[in-house]
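Just to be clear, the model below is a prediction. Sequence and coordinates:
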Amino acid sequence: MKSLTLLAGLLAATTLAGAGASPALALATPAQKKAAAQSVDAQTKLAQEMVDMVFSYAEPGFQEHKTSAYLTAILEKNGFTVERGSAGIPTAFSATWSNGPSGKDGGPTIALGSDIDGLLGLSQYPGVVDMKPMVEGAPGHGEGHNSGMPMMIVAAIAAKQMMEKDGIKGTLMLWPGVAEELLATKAYYVRAGMFKGVDASIFAHVGRDFGTGWGPAGNNGMVSVEYTFNGKTAHAAGQPWDGRSALDAVEIMNVAWNFRREHLPLTQRSHYVITEGGGQPNIVPEKASVWYYFREGSFAKIRGLYEIGNQIAAAAAMATDTSVTRRTLGYAAPNYGNKPLAEALYANIKAVGLPTWSAADQGFAKAMQQASGQKVEPLVTALAPLSTPDLRGPSMGGGSDDIGDIMWTVPTVTIRYPSNIPNAIGHNRQSAIAMATPIAHKGVMVGAKAVAMTVLDLLTTPTIITDAKAYQQDVQFKSDKYDPLLTPDDKPAIWLNADIMAKMRPQLEKFTYDPARFKTYMDQLGINYEDFAKVK
């Protein structure tokens, strides 16, 4: 029944395109798309294994070594050429496959990417509705980044098979978002020329719904900066007058910034952690550091916050007779989705439709919401409309995603796929609970179908890419220009999280998924998911 519904949707979409719809909505043939969807279905087991395996690795930003090695091995097995260590980042890579010569006569190059990093302190058993860490204090996938690259790999394999079968020319390029939670790599990808020659880009992020959008996304861009103050040690009781406290400087900076918030636009978001505060109380701290995220909605406003932060740091150093240095740890441009790409993608999302949720899926979602004290809301059963600036309304700021740097480099669109539970708190163990369950697996499958179909559209309908590039030039670039804060001296902060993983990795390895012995990760953990079908 699902395949018949999909075919009907494809036929309707093709009829719409042939009846004078926008060229951006033109589609590959229904037969090609049906075959691509069948190819995705044939990879159901591979998708489940990849989602579960990456979940079990639970690697945070810059430490995704096992995840990167695992995914690249699968890509190489399927005919992709892999280059590792992209932009000087050990866990980054690009994987390409071409059907035909490179260059103008070889068809367009389509980039497919998603993030792969976990979050610190969010270890959580999947399929267990209570907060239960697998390893106390260890990282976990509380943002669902274990699912996006598996989805893109499945989609790419399906598109590749159709390209080979029908002689469709073009190049597929897959890349991972490393350390997205630190917003620390994609600007470096752009600086290194990783997207040179790419014609269009599709990015994937896990969601609770199934959709896409265009225009300014309403989130904030960001710069990540660590300020380090240097003073002078002294006996904190015997002769404190001889000391100059770097920790005092950090605290003065934080207090001053918090007072300044009252006089900043409501759209800004800023937050900090003290990363170093001294050794022991009876020694005046000679060195102390504080790490800030400054977020705003435009390049100029991000730069403005950054300059205010620098001024306050300098003032704190002056007040304490210390010195201060700073280093940029990451950067993320504001997000801006491409309209023609979003329209083409959304047509395929409508054709594919939402997953068929089982009683256990809905019961599990309800049980998790009840256990977590969240509003009870079923898994999504109706598609949201194409998200547009008019529907979203004015933005009051919010989170960031460094896909923005790629969006200002090549025409890019983001697909949200329904692999998580409504009302789960983001960056919380609640958002890890479903990410190695059938909910995650089913969301990945529908997302992969929509992506594979859209790739075929881009390869067979040149006007979509032409319109996408024109929209970027004539509309997006008219509103702003790419203006990152990275300097030539800034380098990826690849040392981050290394100490944590040196401690945690031996414990996490005990929980690595073994697909040779267990059908799913929950089977390995002894969790009976079907019991949730009884939840009322």
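Alright, I've got the coordinates.

List the residues that contact the residue nearest to the spatial centre of the chain.
For the chain, the residue nearest the mean C-alpha position is D115 (4.1 Å; C-alpha atoms, centre = their mean). Counting by C-beta atoms under 8 Å, 6 or more residues apart in numbering, D115 makes contact with 143, 145, 148-149, 176-178, 180-181, 205. Every C-beta, even on glycine, is put in place using the N, C-alpha and C of the backbone.

Mind checking which of these land in helices?
Mapping the contacts of D115 onto helices (DSSP state H) picks out 148-149.

Now distance to G85 too, for the contacts of D115, in JSON lines please.
Below are those laid out as JSON lines (distance: C-beta to C-beta, whole Å):
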{"residue": "E143", "distance to G85": "24"}
{"residue": "H145", "distance to G85": "20"}
{"residue": "G148", "distance to G85": "21"}
{"residue": "M149", "distance to G85": "17"}
{"residue": "P176", "distance to G85": "12"}
{"residue": "G177", "distance to G85": "16"}
{"residue": "V178", "distance to G85": "11"}
{"residue": "E180", "distance to G85": "18"}
{"residue": "E181", "distance to G85": "21"}
{"residue": "H205", "distance to G85": "25"}
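
send the alpha carbons of stretch 229-243 over as CSV?
These are the backbone C-alpha positions of stretch 229-243, laid out as CSV (Å, rounded to 0.1, in the frame of the first residue of the first chain):
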residue,chain,number,x,y,z
PHE,A,229,43.8,36.1,31.4
ASN,A,230,47.3,36.0,32.9
GLY,A,231,48.2,37.4,36.3
LYS,A,232,50.7,36.6,39.0
THR,A,233,50.7,34.0,41.8
ALA,A,234,51.1,34.8,45.4
HIS,A,235,50.1,33.4,48.8
ALA,A,236,46.4,34.1,48.9
ALA,A,237,46.5,34.7,52.7
GLY,A,238,50.0,35.6,53.5
GLN,A,239,50.7,38.2,50.8
PRO,A,240,47.7,38.6,48.5
TRP,A,241,48.8,42.2,47.6
ASP,A,242,51.6,40.7,45.6
GLY,A,243,49.3,38.6,43.4
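
Can you list the neighbours in contact with that stretch?
Contacts with stretch 229-243, where a contact means C-beta under 8 Å, 6+ apart, come from 244-250, 281-289, 313, 316-317, 320-325.

Filter these down to the buried ones.
Buried residues within those, defined by neighbour count using 16 or more other C-beta atoms under 10 Å: 244-250, 284-289, 313, 316-317, 320, 322, 324.

Tell me which entries of those residues lie within strands.
Where the buried ones among the contacts of stretch 229-243 overlap with strands, as defined by DSSP state E, the overlap consists of 287-289, 324.

Quickly name whichever of these is closest to A138.
Set against A138, the nearest of these by C-beta to C-beta is S289 (24.1 Å).

how near is that closest one to E59?
Plainly put, S289 is 24 Å away from E59 if you go by C-beta to C-beta, to the nearest Å.

The helix or strand where F259 lies packs against which elements?
Assigned by DSSP states H and E, F259 belongs to helix 246-260. Based on contacts counted as 3 or more C-beta pairs under 8 Å, 6 or more residues apart in numbering; DSSP states H and E, the elements that helix 246-260 packs against are strand 221-230, strand 269-276, strand 287-296, helix 299-320.

okay, these in CSV with mean pLDDT next?
Listed next are the helices and strands packed on helix 246-260 as CSV, based on pLDDT from 0 to 100:
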stretch, mean pLDDT
strand 221-230, 97
strand 269-276, 97
strand 287-296, 98
helix 299-320, 98
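
Just put the ones you listed in JSON lines and tack on distance to P90.
Formatted as JSON lines, these follow (distance: least, C-beta to C-beta, whole Å):
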{"stretch": "strand 221-230", "distance to P90": "19"}
{"stretch": "strand 269-276", "distance to P90": "22"}
{"stretch": "strand 287-296", "distance to P90": "22"}
{"stretch": "helix 299-320", "distance to P90": "28"}
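
so which of those gets nearest E136?
Distance to E136, taken as C-beta to C-beta, is lowest for strand 269-276 among the helices and strands packed on helix 246-260, at 20.3 Å.

Could you look up the SS state of S395?
Applying DSSP: H, G, I helix; E, B strand; the rest coil to S395 yields a three-state assignment of coil.
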